[in-house]
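**Student:** Okay, predicted coordinates and the sequence, questions at the end:
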Amino acid sequence: MSDSAARVAVTCPSCSPGLEVAHEMLAPGGQATVRCTDCEHVHKTTLRSPETRSVTVIVSQDGESESTTVDAPATEEIAVGEEFIVDTDEAILTVRITSLQVGTEQRAERAPVEAVETIWTRVVDNVKTDVTMHPADGRHDATRSVEMYVPGDYEFTVGETENAGDHRFTVTGLQVREDAHGYGFAKLDHDGDMAFAKDLKRVYAHEESSGSTAWSGW
């Protein structure tokens, strides 16, 4: 028996007709074929579908929000930073959890679906990235901010040059969002440091020169 085989808890007609015990799943379906891990008896059984719960989801994008709902297993645990797909009136979107409301005014980093009142999210398919640029002439009083609209998985790397409209700049630092995981630091500023656009709150850069080539992410 493979250690990676799916397991379910059901009664065994051979050794445990009144108490659920672990079984190995041999063939899924309405009438699943399973094997008892205690006595090795193979039999068919009807598996219960997990109880689901409808939860309100607030979807935010570019300063605007809309509400929708998702159905999820009630006992499943969800956490800030996780991503999932929602179907809104406008489109099917990939979103990231930014906050979980578990009471009237209570927020949690992690909670089972059955305890969650509202899931707050932001869209991560395509995102607006704010870029703060220091001018090429070195003036500190002329820092400007531009916006780039890019796919969420677009990579920004410290030390590399990018184009945003008429602006050409070299990335000098990356400010990582609080809901992003796996970076280790909130600010990345060493050559070669990389982060995805969906994980960034701001990009810091040094303007190189002006050009006429508009940046396009798709």
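**Tutor:** Thanks, I have it. Residues are numbered from 1 along each chain as shown.

**Student:** What count of nearby residues applies to the residue lying closest to His181 once chain neighbours are set aside?
**Tutor:** Among residues not flanking His181 along the chain, Gly81 sits closest, at 5.2 Å (CB to CB, 6 or more residues apart in numbering). For every residue, glycine as well, the C-beta is placed using N, CA and C. Burial measure for Gly81: 17 neighbouring residues, criterion other CB atoms under 10 Å.

**Student:** Just the pLDDT at Gly81, thanks.
**Tutor:** On the pLDDT scale, Gly81 is placed at 92.

**Student:** from what I can see it touches Gly182, true?
**Tutor:** No - the criterion here is CB atoms under 8 Å, and Gly81 misses it with Gly182 at 9.5 Å.

**Student:** Now do the contacts for the closest residue to Gly152 other than its chain neighbours.
**Tutor:** Sequence neighbours aside, Lys198 is the residue nearest to Gly152 in space, at 3.5 Å (criterion: CB to CB, 6+ apart). Counting by CB atoms under 8 Å, 6 or more residues apart in numbering, Lys198 touches Arg96, Val124, Val127, Gly152, Asp153, Ala180.

**Student:** Lys198 looks like it's in a helix, true?
**Tutor:** Yes - per DSSP: H, G, I helix; E, B strand; the rest coil, Lys198 lies within a helix segment.

**Student:** follow-up on the earlier one: switch the contacts of Lys198 over to JSON lines; also include secondary structure, distance to Gly159 and pLDDT.
**Tutor:** Listed next are those as JSON lines, based on DSSP: H, G, I helix; E, B strand; the rest coil; distance: CB to CB, whole Å; pLDDT from 0 to 100:
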{"residue": "Arg96", "secondary structure": "strand", "distance to Gly159": "27", "pLDDT": "96"}
{"residue": "Val124", "secondary structure": "coil", "distance to Gly159": "25", "pLDDT": "95"}
{"residue": "Val127", "secondary structure": "strand", "distance to Gly159": "22", "pLDDT": "94"}
{"residue": "Gly152", "secondary structure": "coil", "distance to Gly159": "22", "pLDDT": "95"}
{"residue": "Asp153", "secondary structure": "coil", "distance to Gly159": "20", "pLDDT": "95"}
{"residue": "Ala180", "secondary structure": "coil", "distance to Gly159": "20", "pLDDT": "89"}
